[in-house]
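Novice: predicted model and sequence follow; I will ask about them next.
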Amino acid sequence: MEPISLTNKEQNSSDKKSQSALIEQGAIPEHIAIIMDGNGRWAKSRGNIRSYGHKVGVDSVRDVTEACAQIGVKYLTLYAFSTENWGRPKMEVSALMRLLARSLRKEADNLNENNIKLETIGQIDRFPENCQQELREAIDLTKDNDRLQLCLALSYSGRWDITEAVKKLAQSAKEGDIDPNKIDDKMISDHLSTADVPDPELIIRTSGEYRISNFLLWQLAYSELYITETYWPDFRREELYKAIQSFQQRERRFGKVSENSQKKSSSLYVQELTP
Ligand code: IPE
Ligand code: IPE
Ligand code: MG
């Protein structure tokens, strides 16, 4: 598959049509989070080494990011490396680190030209110094952009995020700055690494695995889940549109009763009471 540049690619007319149709059909989620899985299996199925899957996966990141910016998604959070991924073979971890540093160097200008702001969540200080440096530079370069916020979850896990929030709250309580009885949902959300970002409405996982793998555990309380068999290196904008279409057809009830079923059940109730 041809890599698509954020700046050089002429958007084709059929893609423009797909995007307009999607926007007309329903609401575009403000925040989409993606568990980008299946790189290794994708490469293996082509007789290649796992790192090749990670490399081609960067093309998917570029394409999906660009499409999100174009259709008006405001936040895109990508699970790129979990706390548990440190347990992979050294060779794979270092290949991933090299790929991260190289991709950041290559893509930072593209992100900036497209008015995209880069952010991270996770234990960035566990990364090699050159990766941290590339991250700092790309974040600094794009800090004033406001079309889309692209957040990379790096050395991230949901339990780590919640643990850090608990530590901060416990410290504030110990120092007498907060009353433990006043701790509520919002206060916890405000102490997570995603404090300034709304919870994702839609979480996508590629490669057909039906699990969360320690991603945004607190934040996904009411997210809609979309799981596709497609491996991440094959997940491009058309697949993203399918996920959004599925999202648009769902009814989000947040534990309440839907308007329709509410009407239906109250009219049944009236019928039952009427002799
Ligand atoms: C996802 O693909 C990328 C990372 C977790 C870094 P995988 O590397 O997990 O690929 P599979 O799931 O083994 O195929
Ligand atoms: C989840 O994928 C983590 C990322 C996509 C970064 P994994 O491949 O690590 O998850 P498991 O091991 O299948 O649960
Ligand atoms: Mg995997």
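Specialist: Done, it's in. Ligands and ions are numbered 1, 2, ... in the order given.
Novice: can we go C-alpha only for contacts and neighbour counts from here?
Specialist: Fine.
Novice: max-length helix in the chain?
Specialist: helix 90-113 (DSSP state H).
Novice: do it and ligand 1 come into contact?
Specialist: No - if you take CA under 6 Å from any ligand atom as the test, helix 90-113 misses ligand 1, and the best it gets is 7.2 Å.
Novice: quick one: list the elements packing against the next helix or strand after that helix.
Specialist: Using DSSP states H and E, the next helix or strand after helix 90-113 towards the C-terminus is strand 116-121. Counting contacts by 3 or more CA pairs under 8 Å, 6 or more residues apart in numbering; DSSP states H and E, strand 116-121 packs against helix 129-141, strand 148-156.
Novice: show me what secondary structure element comes after the last one.
Specialist: So that's strand 148-156. Using DSSP H and E, the helix or strand that directly follows strand 148-156 along the chain is helix 158-174.
Novice: return the alpha-carbon coordinates of the helix or strand following that next one using CSV.
Specialist: Note on helix 158-174: by DSSP H and E, the next helix or strand toward the C-terminus is helix 185-190. Taking Å, rounded to 0.1, in the frame of the first residue of the first chain, the C-alpha atoms of helix 185-190 are listed here in CSV:
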residue,chain,number,x,y,z
ASP,A,185,-16.2,11.2,39.9
LYS,A,186,-15.2,14.6,38.6
MET,A,187,-12.3,14.9,41.0
ILE,A,188,-11.0,11.6,40.0
SER,A,189,-11.3,12.4,36.3
ASP,A,190,-9.5,15.7,36.9
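Novice: any idea of the mean pLDDT in helix 185-190?
Specialist: Average pLDDT, helix 185-190: 98.
Novice: who in the chain is up against ligand 1?
Specialist: Residues of the chain lying near ligand 1 (CA under 6 Å from any ligand atom): 36, 37, 38, 39, 40, 41, 80, 81.
Novice: which of the residues you listed fall within helices?
Specialist: Those of the residues of the chain next to ligand 1 lying in helices (DSSP H): 39, 40, 41.
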